[in-house]
Each structure stands twice: as C-alpha cells, then as structure tokens.
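Engineer: output the structure for:
(one chain, ligands or ions: 1)
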Amino acid sequence: MRMTRIGIGITLLLATLNVSVFAAPARLAIVIDDFGYRRQNEEQILQLPAAVSVAILPNAPLTKEMADKAYQKGHEILIHMPMEPISKQPLERDTLRPTMGKEEIQRIIAQAIHNVPHAKGMNNHMGSSMTSDLAAMQRVMGALNHYQLYFLDSMTIGASKSTQAAEGTSVRVVKRKVFLDDEQSDAAVLKQLNLAIRMAQKNGSAIAIGHPHPSTVRVLQNNLHQLPADVVLVPVSALLSKSITPVVTEPPHHNSEKKLPELTLAQRCPAPESIDKINPQLAYQTVKNTVGPSPLTLSLYSYLSYCSVSYHNASSIKAMVKE
Ligand SMILES: [Zn+2]
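Structural biologist: Residues are numbered from 1 along each chain as shown. Purely as a prediction, here's the structure:
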C-alpha cells in the first residue's frame, strides 16, 4: 500500500517535474555519535531525515530504547564502540584496549552487537590508542569478520591502522572526513557542515560526524532540507565500495511477521534510468513546497535516494565487470 502511494508519487514526479539532470549527485553521510545518554537531544536528531545515521554506545542507559526508536524511524544504526584513547579520561564500561586478547575482544563485540539491535556498522568512540595499534585492530577486524558489519573509522588519530587491519577480512572500512562540532556554536557547526558539503562535491562523497549537542541539532534542523541541488544525504552504507545492498533501512512492518519476498533493484525502482536523473534533494524540496513536510514526503525522499544511489552503484559495478 505504502509502496503504491510512493509509486504514484514517483510517477507524478516523473511526469510533472522538469528536474535538473545530474549524472550522479555527490553523496554526503552524516553520523551523530554518542547516543544513549541524552534523550531530548537524541529524539530531536531522530526527527531529522532518515538518511542521517546514528551511532549508539553499547552500555548506556538508553542504548536499547534509542536503537529501537532509530530503527522505527528508518535511521541507519552503528555501534559506537568505546576504544581506549591515548589521553587519560573517564572510560565507558567494556572499552576495548590494545592489551586485550582475541577472546576478550570477541566477547565484548558480541555483547555490543547484542545490546545495539539493528546495527549495520561500527565506529570508534575515542580510540586514539586502540586504532593506532595494528595488532589490536586486527583482533577487532577478526571479530567483526563474523558479522556483516562495516567499520567507520572516526579518525581520532591520523595514524589509524583500521584499513590495514581489515586486509584479508571481509570488513569494509570507510573514514570520517569532517567533525561537525569540535567547537559548539551554531556558526562553527554551520561552517563545518559547509566544509563537508564542499568535500562531497569535490570528491564525490564525504562522511561527517557530529554529536547530539544543541547547536548541532539546530544547524542540522535548519540546513538539511536545503542542501545544494547536487548533493544528496545518504546513510553510511551507501558509501561502501563493492556494495549494491539497500542503503535506506526500511521501517519494520508492525502487524505482520510475514517475510516479504526479496525484490530486485528493477522491481523496487521502476525506470531506474529516469530515477538516476532525479536529484532526490531537489525533488524533496519541490514536493515539500507543494504538499508540505510529512512522513510520506520524507519516505519519497528516502525512496528516491535509495533508487538513485543503488542504481548508480549497480551501473558502476556493471562497468567494472565489463572491463
Ligand atoms: Zn563518541
């Protein structure tokens, strides 16, 4: 039913909008870290577009509650794994340390996966000491290899060994490019957001990390709906290479335990060539200006982003296979 309504929306869009044509929009992923402690700010983050990803600490008072709420709203979830920093500061329970052996690291990661349901990836909380230790990170990647989780390196230290440590495993590694809120003022956060946008435009994609601070919440509330027309907001998984897996988490279907059949990209996204030419951000703006902001408008936006990015990934893989 929902897909039919969205399908009609798409058809209307295709028929009535003369949207600008972009071969492939620049992709910007935004992750908000440190979820699990501040209910009010975190709930404000969950009101942002579903393409904003959230990273949840595995042993915080609100871990399970926030994971469930984020999942209900379609946000991509990461486990925000505490890792030991070089500087002395208070640490979370079960912080991974370079001195820990394989079994202990496996146990802590398995527990974190249990505590943060629906996670698609993991990123490090702190971790300058842990992530710069190759042998320790090899133990982490070895543990992650059992699960289909990607690793987003928060890059709390330049000498991080995550990429090297993942060699020989199936763990895909991506890296943070911009921190949004090292300085917590609206002006500073906006400046960093604009930097992330420019980096995405220049390089094709970028990942920015922020925290549930009031200034970050305000700047994202005021600016995510007016990103430049050539930039699309995507979950982190949309930036993994070698992937044509779905990039927007579908909200769960409540009243039915029935498993839906797997759909191909062509079935999920009719006329993918046409969809690839639509800029989801621009389409979202147009629909929002016409019918106003609503869950359906946001769903349409997520759907267009999903199809646009999936189709783009599928074509680049096809191109690679041809060579
Ligand atoms: Zn953190």
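Engineer: hey, let's count contacts and neighbours off CA atoms from now on
Structural biologist: Will do.
Engineer: domain parsing of this structure, as residue ranges.
Structural biologist: Taking automatic domain parsing as the domain assignment, the ranges for the chain are 2-22+265-322, 28-239.
Engineer: between the two ends of the last one, how far is it?
Structural biologist: What it means is domain 28-239. Distance between the two ends of domain 28-239: 9 Å, counting by CA to CA, to the nearest Å.
Engineer: let's number from 818 now, not from 1
Structural biologist: That works, and once the first residue is 818, the last one we named lands at domain 845-1056.
Engineer: do me a favour and average the pLDDT over that domain.
Structural biologist: Averaged across domain 845-1056, the pLDDT comes to 98.
Engineer: could you check the pLDDT of A841?
Structural biologist: 84.
Engineer: and the gap between it and the ion?
Structural biologist: A841 sits 32 Å away from the ion, going by CA to the ion, to the nearest Å.
Engineer: rewinding a little: can I get the domains of the chain in TSV including mean neighbour count?
Structural biologist: Formatted as TSV, these follow (neighbours: other CA atoms under 10 Å):
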stretch	mean neighbour count
domain 819-839+1082-1139	17
domain 845-1056	20
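Engineer: what's the closest of those domains to the ion?
Structural biologist: domain 845-1056 (3.7 Å; CA to the ion).
Engineer: what about the closest one and the ion, touching?
Structural biologist: Yes - counting by CA under 5 Å from the ion, the ion is contacted by domain 845-1056 at D851, H942.
Engineer: show me what contacts F996?
Structural biologist: F996 makes contact with Q1009, A1025, I1026, G1027, according to CA atoms under 8 Å, 6 or more residues apart in numbering.
Engineer: just give me the closest of the residues you listed to V1053.
Structural biologist: V1053 lies nearest to A1025 out of the contacts of F996, by CA to CA, at 9.8 Å.
Engineer: counting by contacts, list what the helix or strand where that closest one lies packs against.
Structural biologist: Assigned by DSSP states H and E, A1025 belongs to strand 1022-1027. Secondary-structure packing of strand 1022-1027 (3 or more CA pairs under 8 Å, 6 or more residues apart in numbering; DSSP states H and E): strand 843-852, strand 995-996, helix 1003-1020.
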